[in-house]
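the sequence isn't on hand, but the structure is:
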């Protein structure tokens, strides 16, 4: 690990780190068919050589994406992630350092390569992602030193093993820190039986509406029932995103419903979820009782991200959000449960 220079961070993000390559071509065709899980597929002619209009290299992964949001919002941030001992890993570290994010918790693996994603972009901004998960999803208990994990908030995203997650939760209780979790698909599949004890120790959980439905066993159209079930497990805030339709938020007493800020263009949707979740928590760190501001920052951050290629390019700074009139007006409904 690299040297750690801060004894107490505002926030430590924990999860994935990747090297990304974005490839765009007008020759990428989208075909609709019920044979595909999403109903659509990106199709390329076999054996052909296809001209590419643009290629962009960047870094990604939920933990590093979120850390950039926190840093640009003015917080002292660090990232716990695992990379390979390779050029892609060095790019991940270089990018974090350029954002003034501590890399002292980053672990370099001598055997596994840094995670890599190739993102094939259509002209509409939709994407198909080829993923090599590599070192990124191999974080082990031995990679974590609880004594050095000191922060006001922990933001956990990605397929973190439950034994590692429990270390973070135990540490948070020891130092009275808050924890936000953006659970992975594998964690959601554990259901309430497997994830219930984790939920009880969270201050914020962020997932999409379909994930909330799967976790609770409630029809995804019944948002209030999903909230009601989750309220039995956790005392904190539940955020259910709904793509272009917006978001539902419950703090246990009130339910908030909001749309999204309108995009000027959609270049690439990569990182929108990370931008939303980290934007929401960023606002809570500085304004813990203002859910509506948290929704606005989350939505603004996600909207800005999809307008550029790459998960980090469009992430807002504190000045961007507070001084741009574009982010002032968002209709938010608030009603008592």
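All right, it came through fine. As the structure is a computational prediction, the values presented were derived from the model and not from experiment. Residues are numbered from 1 along each chain as shown.

nearest residue to the most centrally placed residue in the chain other than its sequence neighbours?
By CA atoms, centre = their mean, the chain has its centre lying nearest to residue 274, at 2.5 Å. Among residues not flanking residue 274 along the chain, residue 65 sits closest, at 3.9 Å (CB to CB, 6 or more residues apart in numbering). Where C-beta positions appear, they are placed from N, C-alpha and C, glycine not excepted.

number of residues surrounding the residue nearest to residue 243 when sequence neighbours are not counted?
Nearest residue to residue 243, sequence neighbours excluded (CB to CB, 6+ apart): residue 208, at 7.2 Å. When neighbours are counted by other CB atoms under 10 Å, residue 208 registers 19.

what of residue 33?
For residue 33, using other CB under 10 Å, the count is 9.

ok, it to residue 130 distance?
20 Å (CB to CB, to the nearest Å).

and for residue 77?
29 Å.

and for residue 63?
20 Å.

which residues does residue 181 form a beta bridge with?
residue 156, residue 205 (DSSP bridges).

quick check: it touching residue 204?
Yes - the pair residue 181 / residue 204 is scored as a contact, 7.3 Å apart, by CB atoms under 8 Å.

okay, those two: which has more neighbours?
Using other CB under 10 Å, the more surrounded residue of residue 181 and residue 204 is residue 181, with 29 against 23.

elements contacting the helix or strand harbouring the residue nearest to residue 274?
Element membership for residue 65 (DSSP states H and E) is helix 62-72. Secondary-structure packing of helix 62-72 (3 or more CB pairs under 8 Å, 6 or more residues apart in numbering; DSSP states H and E): strand 9-15, strand 77-80, helix 87-98, strand 151-158, helix 272-286.

which residue is the nearest non-sequential neighbour of residue 33?
Per CB to CB, 6+ apart, closest to residue 33 is residue 41, 6.7 Å.

re the thing from before, next one: the helix holding residue 65 to chain centre, how far?
Its chain's average C-alpha position is 9 Å from that of helix 62-72, according to CA atoms, centre = their mean, to the nearest Å.

and the angle from it to strand 151-158?
140 degrees (axes from the mean of the first three to the mean of the last three CA atoms, to 10 degrees).
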